[in-house]
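Engineer: Dropping a prediction and its sequence here:
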Amino acid sequence: MTDHRFAERMQQIHRELGIPEDYARSTPLNLQPEPPELALCEPDYYGREQRLAPQALAAWQAMRDRAGADGVTLFLISAFRSADYQAQLIRRKIEAGRTIAEILCANTAPGYSEHHTGRAIDIGTVDCPALEEVFETTPAFVWLQNHAAEFGFRLSYPRGNSCGISYEPWHWCFQADV
Ligand SMILES: [Zn+2]
C-alpha cells in the first residue's frame, strides 16, 4: 500500500473512531506506514507469534546474538502491530465507556505508532518487568546504549523527547537507511 493510500485509510478509521480532525495536524508524531513485507520472528517472551520487516528482523537477530555473546540477554516483547490492531484496541476502550480524549492520552491514534512499520521492537531482559522504566537500570539497556547503533537501532523516545511520548527505554527502532 502506498503512503498516500495508507494516509487515506487512516483518515477513514479516525472518522469512524471519532478522533478529532485536527489530530494529524496537531500531533508531533508522523504517520508510520505499514511495510510491504513482513517476516516471521522467533516467538516473543509470551510465546506469541511476532513479525518484523525483513531487514529489521535480520538486524534484530544479529544484535540479539551479539548481545548474547557478550553475556547480555535480549528478548522480544512486541514487534509489528498493525494500524487495524491499534484501531481495535481503541474501539474496545470506547465500548468500555472511555472517551476518545481519555484514550488518546494513553494510546497513539491508528497510523501513528512506530510499531506499524515493522521496524520497532520492545525489548525485554531477564530479571526485569516488561515495559517498565526500570529497564534503564539493566545491563541490557547499558549494552543497547553502547551497541544498538552498530545494528541500525535507535531509542525512539528518550527522556524529554519532543514527541510528547513518555520515556520508553525498551522501545528501539531500526532505521532502514543506516
Ligand atoms: Zn514500543
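Structural biologist: Yep, that arrived.
Engineer: Going by C-alpha atoms from here, please, whenever you check contacts or count neighbours.
Structural biologist: Will do.
Engineer: Would you report the backbone torsion angles of the residue nearest to the spatial centre of the chain?
Structural biologist: Note on the chain: the residue nearest the mean C-alpha position is residue 115, at 3.3 Å, using CA atoms, centre = their mean. Main-chain torsions, residue 115, degrees, to the nearest 10: phi -70, psi -20.
Engineer: Return the distance of it relative to residue 46.
Structural biologist: As for residue 115, its distance to residue 46 is 18 Å (criterion: CA to CA, to the nearest Å).
Engineer: and if you look at residue 33?
Structural biologist: Using CA to CA, residue 33 is found at 26 Å from residue 46.
Engineer: centre of the chain versus the lowest-mean-pLDDT helix or strand in the chain, how much separation?
Structural biologist: Lowest on mean pLDDT, DSSP states H and E among the helices and strands of the chain sits helix 100-106, with a mean of 88. How far helix 100-106 lies from its chain's middle: 18 Å, per CA atoms, centre = their mean, to the nearest Å.
Engineer: for stretch 94-104, same thing?
Structural biologist: Taking CA atoms, centre = their mean, one finds the center of stretch 94-104 at 21 Å from the center of the full chain.
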